[in-house]
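Visitor: here is a sequence with its predicted model. Questions after.
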Amino acid sequence: MIVVIDCFPESGRRYGAGWAVIAVDVIRATTTAVTGVVSGRRCFPVPSLEAAVPLAARLHNPLLVGELGGNMPYGFDLNNSPAALAARRDVERPMILLSTTGTRVLCETGAEAVYAACLRNHSAQAGQLAGRYPKIAVVGAGTRGEFREEDQLCCAWIAEGFVRAGYEPVKTTADIIARWRGAPAGAFLGSRSIEYLRRTGQLDDLEFILDHVDDIDATVALRHGQLVPLPTAAPNATGLPALRGG
């Protein structure tokens, strides 16, 4: 059993049959997605605006959430903001989620199984998925050609959980795990993503992310185009409990 840390939507296409991909976009797509799903909202990630438009026409009163290049597309209801989404009470409205890179990681891989993860549910990945798949790829979204620190940290914590469960990391993955082992959740505050949130007046999302670390014991899987929570009571093949902490 092996675990790999990778980055960028294009990299997700390397993983096909026998692989499970865990997509990570801490700031902010997978945090927004997981937050919506655990609130009871239906969530449909899309890789492009062209995919969002016909889907919106098929759904009843959808909530269009997202950004492209950091800007909310015309006609959308909400930016890619987990804090703003968590404050809404219209959970009956299905969410169509679009982002520059995060939703592409979810939608463009050829893996056997695809999951959305963030700091909110990082421990649940190994706790519930270890042993179900022989090969795990934890793929960060990346932003403007960079593997941003927040995604490195989250990917490292997730991959370390699989290593504890008996998976073998490839060399570069072991190096990333070692870099972030034991780091506090706020260790990524020097990231350019934080600069962007500060510059655009969206630090409420950073506060939300740091206030909701490992508070959800659930995995969120992509099934037929929709992100759905998997039952937390389902045992994994190893019988291991959820692994907590970074």
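Guide: Yep, that arrived.

Visitor: from here on, contacts and neighbour counts on C-alpha atoms
Guide: Fine.

Visitor: what is the burial count for Phe208?
Guide: Phe208 is flanked by 16 other residues according to other C-alpha atoms under 10 Å.

Visitor: oh, that last question was meant for Asn71, not what I typed.
Guide: Neighbours of Asn71 using other C-alpha under 10 Å come to 12.

Visitor: equivalent analysis for the one 4 residues further on, please.
Guide: By the criterion of other C-alpha under 10 Å, Gly75 has 8 neighbours.

Visitor: equivalent analysis for the one 3 residues further on, please.
Guide: Taking other C-alpha under 10 Å as the criterion, the count of residues near Leu78 is 17.

Visitor: do Thr100 as well
Guide: Neighbours of Thr100 (other C-alpha under 10 Å): 22.

Visitor: which strands and helices sit next to the strand or helix carrying Val114?
Guide: In this assignment (DSSP states H and E), Val114 forms part of strand 113-117. Applying 3 or more C-alpha pairs under 8 Å, 6 or more residues apart in numbering; DSSP states H and E, one finds that strand 113-117 contacts strand 19-24, helix 29-38, helix 102-108, strand 220-223.

Visitor: winner for burial among these?
Guide: strand 19-24 (a mean of 28; mean count of other C-alpha atoms under 10 Å).

Visitor: give the partner strands of that one in its sheet and their orientations.
Guide: When pairing is defined by DSSP bridges, strand 19-24 lines up against strand 113-117 (parallel), strand 135-140 (parallel).

Visitor: pull the longest helix seen in the chain out as CSV, backbone CA atoms only.
Guide: Longest among the helix segments of the chain by residue count, using DSSP state H, is helix 149-164. The C-alpha coordinates for helix 149-164 follow below in CSV (Å, rounded to 0.1, in the frame of the first residue of the first chain):
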residue,chain,number,x,y,z
GLU,A,149,1.7,26.1,2.4
GLU,A,150,-1.9,25.5,3.7
ASP,A,151,-2.4,22.7,1.2
GLN,A,152,1.0,21.2,1.9
LEU,A,153,0.3,21.1,5.6
CYS,A,154,-3.2,19.5,5.2
CYS,A,155,-1.9,17.0,2.6
ALA,A,156,1.0,16.1,5.0
TRP,A,157,-1.3,15.5,7.9
ILE,A,158,-3.6,13.3,5.8
ALA,A,159,-0.7,11.3,4.3
GLU,A,160,0.9,10.8,7.7
GLY,A,161,-2.3,9.2,8.9
PHE,A,162,-2.1,6.7,6.1
VAL,A,163,1.6,6.1,6.9
ARG,A,164,0.6,5.3,10.5
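
Visitor: show me what counts as buried in it.
Guide: Buried residues in helix 149-164, defined by neighbour count with 16 or more other C-alpha atoms under 10 Å: 149-163.

Visitor: many thanks, we can stop here.
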